[in-house]
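**Q** what follows is a protein structure lacking sequence information:
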């Protein structure tokens, strides 16, 4: 009898341990969700991801008490396709909003704007799902790449996109106004700002707070200069900047990031005062990074290297006051199913959702898998890539069948192309990538190099 | 353990324990053996692909020829899996070879004409095999020049000095095979059946022939129509640029057919010697032999000689896979030469490129039923004409916009004239069961299959046109510099 009794205890103990480890640490299931997009923020420029400077004390504090995903890859390397992938959990090739225009005539300077409803009528967005479950939904953004015309407002009761390349200084007040009216309802709030993006500059101008050594170069950090450098890099394939120029541009970026941190803090302070922290999950991410000459160019969208696709992603649950770093290799395409799981809404479109629910990783499960990315940036290039948990990255450039293979463990900067040295690995990853494209009916071309403008004045 | 409860409890724990152990075992087994199929392991260490250029299948005994041209090959084929309906994707040697190496149609891999190299960005069979540790070699005739672009992907690419010298090459090939004990892939291209034909021997032609074709060098200077051979008029002792017209007589055609068969019989003899020179080497036991042809031959079934069109005498080729653990059989299902590459890769457990058109024949080789209605396509590049073979039906899509693409008067060989050809551009539709020589065009006779096949081949044409558009930036053609057909 004694033996049976101990065995029984053992079994009960096992059951208890199992349920303890699988359910989330923090008791309160969130009801509301605030999803914050810091457009253009390169993960490596944050102290929490190893950056040497502490440019974001407020954000760091927030991230310190959140689940921080240390290895997050974006499904694309620029705003339009990435946000649509996050809103639908579909790859760009599937939702098809891969450029701002479907076609464009430079002579008349007009074209057909890419719109989700027209391109992929069956796609259901995260906001629509919240709406269908009795939530009020509001989006407050900096327009441009997340403007209404692309379909980003689908499912939102209110969608603010009045200012082109607007920062949090524009979107936060609108968001807070809306939240004040809706905080007692079930709400889904999307907040977005271009504060660290190339086109943004503080109203009062830069104060060069992070330019530590005297800068004797030609740049002032203006959006116009950044645009010129962006275009020059695309036209010539690379730029010719000095080390001090690159440091200067990073210092400008750091200043923008620091200023953004202030805005972030004021938002957080206000929502705490509103008393929504108790039943709201806050998800913060960046849609893509920014290149600062890691591959001899500036800006983003034109490649799928780490400086563009390694992004910020964190989840803060109600009542959470300790943080945890999650090491699984994940993608921001996972945000939608993860949010739905957190709030307990059944995913109505399981066939559509290509991301995975990451909640088991919050309890320590390793959900690493091969992550796919793509870009068709302005029809300047068409690139597809796959990254594996054991640190291999294969990039295919479709218009010229260019192939690149990097070993991220030995060469995290993706400087040494191992395609010739590791032909078997390159071949196998290429076939895996091709199969992924084939499954999306996205394997065949034509892969033309043309023009689909993103910024005014292009395609002349 | 004396009380009842104790026994029950113990029994319960035992059952639960066995249940979980069982789950673990199944998980482990699944991971390690993948499919639980009990099929034989087919992973050859060596692969030999032999293409006998211009060999049409219906001139081999194994495929029903009335003359005993191929006694050795017949016995060899009977040891393997013989495909009765293998169709080439092109009608010229380099087209089919490029398609075999790439698993893609000519329009897709860019090898449509003599001057166009294979798209170097495509992963081709020898390159993939190199990557996976195979030694790779090709022994070819000069008609497969290095300009086609695939030669650099073979570790050894040996071009014969003469067009035809199987008697010599078979020694070199058998040395290479016997000397490569580790994983190896060899491609052997045999040109000895191709024109210019050997003089007909008495087995195939009785009597003495004195007509124009007794001179086998005639072919590089002449050109043909359906009725007449035009040979250069050198009666003044120098090249006059004029041609003498010689109408084809039945005796000429008989002689040509006999010459063609003589060449086949000769190659059969040589291959018998070749196989006996390798069969005692241990390598032989673990070698997959694939024997085929890039195309067949027209022997006036449609008025022309040689190979310039996409009738079955041109595109229906022999195909056999011989390997100890493959059960000998005959396969009726139509297949394409494009299937050779994925079949080889699938046997070796190497992933095939996702982009290819060919399908692995492994299931069929292992006895499964294939699709009797599979659509097999052939391109007639550069004429934008296409054939679809689907079960017993064949549709040939002609090109109403076809213009003479070869305008240069300096290259008036029989071959270029035939390439331009004077079909009336009407589509053709045949029932291959009743009319294997495609003599009775059933277009417009009301068969429902005509419409089905027509719409499928039209869709294929669109696909090939799109592919050519993509490749057009890398093609730099100058027809005036067209390399003459050897």
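**A** That came through, no problem. These numbers come from a predicted model, not from an experiment.
**Q** and residue 134, what does it touch?
**A** With no chain named, the answer covers chain A. Residue A:134 makes contact with residue A:186, according to C-beta atoms under 8 Å, 6 or more residues apart in numbering or on different chains. The way it works is simple: take the backbone N, C-alpha and C, and place the C-beta from them, glycine included.
**Q** my bad, the chain I had in mind was chain B
**A** Going by C-beta under 8 Å, 6+ apart, residue B:134 touches B:183-185.
**Q** repeat that for residue B:104.
**A** B:122, B:338, B:355-357.
**Q** which of those residues count as buried?
**A** B:122, B:338, B:355-357 (16 or more other C-beta atoms under 10 Å in any protein chain shown).
**Q** which residue does the stretch 1-150 of chain A have closest to chain B?
**A** Of all residues in the stretch 1-150 of chain A, the one sitting closest to chain B is residue A:4 (4.1 Å; C-beta to the nearest C-beta).
**Q** for that residue, phi and psi?
**A** When read as degrees, to the nearest 10, the backbone of residue A:4 gives phi -60, psi -40.
**Q** what about it, how many residues nearby?
**A** Applying other C-beta atoms under 10 Å in any protein chain shown, we find 17 residues neighbouring residue A:4.
**Q** all helices of chain A, in order?
**A** For chain A, the helices defined by DSSP state H occupy A:2-22, A:57-64, A:79-88, A:92-95, A:116-119, A:126-132, A:168-182, A:223-236, A:243-274, A:306-309, A:335-343, A:359-362, A:423-439.
**Q** swap in chain B?
**A** Along chain B, counting by DSSP H, helices occupy B:4-33, B:71-77, B:93-102, B:106-109, B:125-131, B:166-179, B:250-278, B:312-315, B:340-347, B:362-365, B:414-420, B:448-471.
**Q** for residue 400, which non-adjacent residue is closest in space?
**A** I'll assume chain A. residue B:121 (7.4 Å; C-beta to C-beta, 6 or more residues apart in numbering or on different chains).
**Q** not quite, go with chain B.
**A** residue B:425 (5.2 Å).
**Q** wait, the one you found sits on residue B:399?
**A** Yes: using C-beta atoms under 8 Å, residue B:425 is in contact with residue B:399, at 6.7 Å.
**Q** so which of these two has more stuff around it?
**A** Between residue B:425 and residue B:399, residue B:399 has the larger neighbour count (other C-beta under 10 Å), namely 15 against 11.
**Q** mind telling me which residue of the stretch 201-350 of chain B is nearest chain A?
**A** Chain A sits closest to residue B:350 of the stretch 201-350 of chain B, with a gap of 8.7 Å, by C-beta to the nearest C-beta.
**Q** so who does that residue touch?
**A** By C-beta under 8 Å, 6+ apart, the contact set of residue B:350 is B:128-129, B:132.
**Q** contacts with chain A among those, please.
**A** Among the contacts of residue B:350, proximity to chain A is found for B:128, B:132 (C-beta under 8 Å from any C-beta of the partner chain).
**Q** got a markdown table for the contacts of residue B:350, with neighbour count, distance to residue B:246 and pLDDT too?
**A** As requested, the contacts of residue B:350 are arranged in a markdown table below (neighbours: other C-beta atoms under 10 Å in any protein chain shown; distance: C-beta to C-beta, whole Å; pLDDT from 0 to 100):
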| residue | neighbour count | distance to residue B:246 | pLDDT |
| --- | --- | --- | --- |
| B:128 | 26 | 49 | 97 |
| B:129 | 23 | 48 | 98 |
| B:132 | 16 | 54 | 97 |
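**Q** could you dump the contacts of residue B:350 to a markdown table with distance to residue A:450?
**A** Shown next, in a markdown table, are those (distance: C-beta to C-beta, whole Å):
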| residue | distance to residue A:450 |
| --- | --- |
| B:128 | 32 |
| B:129 | 37 |
| B:132 | 38 |
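**Q** list the contacts of residue 62.
**A** Here I'm looking at chain A. Residues near residue A:62 by C-beta under 8 Å, 6+ apart: A:264, A:268, A:282, A:284, A:314, A:316.
**Q** wait, chain B was what I had in mind.
**A** Contacts for residue B:62 (C-beta under 8 Å, 6+ apart) come out as B:70, B:73-74, B:77-78, B:82, B:318.
**Q** just the pLDDT at it, thanks.
**A** Residue B:62 carries a pLDDT value of 98.
**Q** out of the buried ones among the contacts of residue B:104, which comes closest to residue A:16?
**A** residue B:355 (53.0 Å; C-beta to C-beta).
**Q** returning to that earlier point: the buried ones among the contacts of residue B:104 also near chain A: which ones?
**A** Within the buried ones among the contacts of residue B:104, those near chain A by C-beta under 8 Å from any C-beta are B:122, B:355.
**Q** widest-spaced pair of the buried ones among the contacts of residue B:104?
**A** Among these, B:122 and B:338 lie farthest apart (C-beta to C-beta), at 13.1 Å.
**Q** count residues in the vicinity of the closest residue to residue A:200 other than its chain neighbours, would you?
**A** Of all residues not flanking residue A:200 in the chain, residue A:194 sits nearest, at 4.7 Å (C-beta to C-beta, 6+ apart). Other residues near residue A:194 come to 29 when the count uses other C-beta under 10 Å.
**Q** now do the same contact list for residue A:194.
**A** Residue A:194 neighbours (C-beta under 8 Å, 6+ apart): A:39-40, A:142, A:144, A:165-167, A:200.
**Q** try it again at 10 Å.
**A** The neighbours of residue A:194, taking C-beta atoms under 10 Å, 6 or more residues apart in numbering or on different chains as the test, are A:37-40, A:79, A:141-146, A:163-168, A:170-171, A:200, A:256, A:260.
**Q** and what of residue B:170?
**A** Applying C-beta under 10 Å, 6+ apart to residue B:170 gives the contacts B:139, B:188, B:190, B:270-271, B:273-275, B:277-278.
**Q** coming back round to it: hmm, the residue of the stretch 1-150 of chain A closest to chain B is touching residue B:10, no?
**A** Yes: counting by C-beta atoms under 10 Å, residue A:4 does reach residue B:10; the two are 7.8 Å apart.
**Q** next, the distance between the ends of stretch A:155-163.
**A** 21 Å (C-alpha to C-alpha, to the nearest Å).
**Q** could you give me the buried positions within it?
**A** Using 16+ other C-beta under 10 Å as the test for burial, stretch A:155-163 gives A:155-161, A:163.
**Q** just stretch A:90-101 next, same as before
**A** A:90-101.
**Q** that stretch near chain B at all?
**A** No: in terms of C-beta under 10 Å from any C-beta of the partner chain, no part of stretch A:90-101 sits within range of chain B; the closest distance is 14.5 Å.
**Q** what does chain A put close to chain B?
**A** So chain A meets chain B at A:1-5, A:7-8, A:10-11, A:399-403, A:422-428, A:430-439, A:443-448 (C-beta under 10 Å from any C-beta).
**Q** and these, which are buried?
**A** Neighbour-count burial (16+ other C-beta under 10 Å) applied to the residues of chain A next to chain B gives A:4, A:399, A:403, A:422-423, A:425-428, A:430-434, A:436-437, A:443, A:447.
**Q** residue A:435 versus the closest residue to chain A within the stretch 101-250 of chain B, what's the distance?
**A** Going by C-beta to the nearest C-beta, chain A is nearest to residue B:121 of the stretch 101-250 of chain B, at 3.4 Å. From residue B:121 over to residue A:435 the distance is 18 Å, taken as C-beta to C-beta, to the nearest Å.
**Q** mutual contacts of residue B:122 and residue B:338, please.
**A** Shared contacts of residue B:122 and residue B:338, defined by C-beta under 10 Å, 6+ apart, are found at B:102-104, B:356.
**Q** worst-scoring helix or strand of the chain, pLDDT-wise?
**A** This is for chain A. Here the helix or strand of chain A ranked lowest by mean pLDDT, DSSP states H and E is helix A:2-22, holding a mean of 75.
**Q** um, chain B though
**A** helix B:414-420 (a mean of 51).
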